[in-house]
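Visitor: Next input, structure requested:
(one chain, ligands or ions: 1)
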Amino acid sequence: MKAFHRLSLSVQIIIAMLVGITLGLILNHLPASHTVDVYVTEGVLDLGGKIFISLLKMLVVPIVFVSLICGTCKLSGGKQFGRLASKTVLLYIVTTGVAISLALMVAYLLNIGAGTNAHLPTNYIPQTMPPLKQTILNIFPKNPVEALAKGNMLQIIIFAMIFGSAISLAGEGGERIKNLFIDLDVVIMKLMDIVLKIAPYGVFCLVAAIFARLGFGLIKQLAGYFVAVLLVLFMQLLIVYPTILKLLGRLSIVPFFKKMFPAMLFAFSTSSSSASIPVVLNTVEKKLGVSESVAAFVIPLGATINMDGTAIMQGVATVFIANSYNIHIGFSGFLKVVLTATLASIGTAGVPSVGLITLTMVLLQVGLPIEGIALIIGVDRLLDMTRTAVNVAGDSVIACVVGKSEGALSMDTYLNAE
Ligand code: ASP
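Guide: Next up is the predicted model:
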C-alpha cells in the first residue's frame, strides 16, 4: 500500500480505474447473486462512489465562487472582461457546431441505424424547449444565496464577477476583502488536496460498480451506434482540438494531453463535468499555466455551456433514430439539429446523462419520436463517461487558447515537464 501511495496521483488513478474495470467485469460475469448485488455492487461500491462524488461536489461551489472573485479582482477592467467573455463564448459555440456537424456527417455516411425497423409509437408526450427569453433571464441571480445553495453555475458566475468588480472599486475596504478571498483561495486549494487523496478509491468504486451493472453485453447489440459515437469523439479529441491548439493558440499538443489526461480520467469516472470542475481548474491553472482570472471564468462556464462530446452523441443518435424509424429528416433537419444541440446545452448543468434530456429537444425540433431514446439508452452510461472526458478537454483547449491570446498563459508552466 505504501508503494502505491508513493506513485503520482495520475498513476494511482489509472491503476484504480483498471482494477475497478476488471473487478466490475468479473462481478458482472459471476452467476446472479443477491448477496453480491446487495452488499458489493449496490453496497460498498455504490456507497464509496457516491461519497466521492459528494465530496467533489462539495468543492465545486466554493472553488468557483472564490477563484472567480480572485480572478475578477485581477482583471484590468470591464473592457478586458468583455473581450474575454466574447472570445470564450464564440469559441465554445464554434467547437460545438463543428462537433455536431462532424457527428451528423459520419453517422450519415455510415448509415447508422438503417435496417433496425423500429415501430413508431402511437402516442407520446412531447417535451418543449424553454423559450429563449426564459433561458437568458435564468442566467441572472435574483438571490445569490439561493444560486450558491443550488449550485446554479451561470448565476454564480454572474454574481461572483459583479462582486469581484465591486471589490476592485471599493478602495481600502475592498482591498481588505480582496486579501480575505486570496487567503480563502489558498485554504480551498488545500481542501482539494485533502479530497484528492481518496480519489483513487473513489474512482475504483465508481467504475467497478458501473461495469458490474452493465458489462459489455448491451454494447454488442448496439455496436454500430456505439462505435460511431466513439469514432467521432476521438476525431474531435485527436483532430479538431489539436488543430485548434496549433492554429489558434500556436501551442504544442503533447504537453496539453499529457497534463490533461488525469483530469479527463476524472471526468470519465464521474460522468460529470460539473463535479470535475475542481480538478480541471487545478490542471488548467497549475499545470497548463493559464492565469486564474481566465481559467476561473472559462472552465466553470464551459462545464455549463460547452458540451462537445454530448453534442456528438446527439448528432449520431438523431441519425440513428431517424434511420431506425425510416424517417427522412433532410438537410434542413440537419441544420435544425446543429442549432438545437448547440443551444440546448446552454444552461444545463454538466451532470450524468443530462445529454439524454437535451436530446429530447433535438428530436422534437426535427419531428422524431422521443421514444427513440429507448433504442440507445442501454449503452448511454458508458458513452456518457467517454463524452464527459471530451467535454472537459474541449473546455480546457479553449481556456488555453483564450489564455494565450490574452497574454494570460505562462509558456514556462505549459511546457514544463511534470
Ligand atoms: N455527463 C455529461 C457532462 O457532465 C453531460 C452528458 O452528456 O450527459 O458533461
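Visitor: C-alpha only now, for contacts and for neighbours.
Guide: Will do.
Visitor: show me where pLDDT drops low in the protein?
Guide: Filtered on pLDDT under 70, the chain yields the residue ranges 76-78, 116-131, 217-218, 345-348, 418.
Visitor: OK, contacts around the residue most central in space within the chain?
Guide: Centroid check for the chain by C-alpha atoms, centre = their mean gives Ser273 as the closest residue, at 3.1 Å. Applying C-alpha atoms under 8 Å, 6 or more residues apart in numbering to Ser273 gives the contacts 267, 303, 350-351, 388-389, 391-392.
Visitor: Of the residues you listed, which belong to strands?
Guide: Judged by DSSP state E, the subset of the contacts of Ser273 located in strands is empty.
Visitor: Scan these and report the most crowded one.
Guide: Thr388 (33 neighbours; other C-alpha atoms under 10 Å).
Visitor: those strands in the stretch 1-150 of the chain, which residues are they?
Guide: For the stretch 1-150 of the chain, no strands are identified by DSSP state E, counting those that start in this stretch.
Visitor: Phe163 contacts Gly71, correct?
Guide: No: between Phe163 and Gly71 there is no contact under C-alpha atoms under 8 Å: 11.2 Å.
Visitor: Please identify which of those two sits among more neighbours.
Guide: Gly71 (22 against 17).
Visitor: which residues does the residue nearest to the more buried one when sequence neighbours are not counted contact?
Guide: Nearest in space to Gly71, with sequence neighbours left out and distances taken as C-alpha to C-alpha, 6 or more residues apart in numbering, is Ser293 at 3.5 Å. Applying C-alpha under 8 Å, 6+ apart to Ser293 gives the contacts 67-68, 70-72, 74-75.
Visitor: could I get those as CSV with distance to Asp37?
Guide: As requested, these are exported to CSV (distance: C-alpha to C-alpha, whole Å):
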residue, distance to Asp37
Ser67, 42
Leu68, 43
Cys70, 47
Gly71, 47
Thr72, 49
Lys74, 52
Leu75, 53
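Visitor: residues in the stretch 201-350 of the chain within reach of the ligand, list them.
Guide: 271-273, 310, 350 (C-alpha under 6 Å from any ligand atom).
Visitor: May I ask which helix or strand encompasses the residue nearest to Gly71?
Guide: helix 292-305 (DSSP states H and E).
Visitor: Any idea how many residues pack against the residue nearest to Leu301 when sequence neighbours are not counted?
Guide: Counting by C-alpha to C-alpha, 6+ apart, Leu301 lies nearest to Leu154, which is 6.9 Å off, once chain neighbours are set aside. Number of residues near Leu154 (other C-alpha under 10 Å) recorded here: 23.
Visitor: Secondary structure class of Leu154, three-state.
Guide: helix (DSSP: H, G, I helix; E, B strand; the rest coil).
Visitor: what about stretch 318-334, how long is it end to end?
Guide: 9 Å (C-alpha to C-alpha, to the nearest Å).
Visitor: just how off-centre is that stretch within its chain?
Guide: 27 Å (C-alpha atoms, centre = their mean, to the nearest Å).
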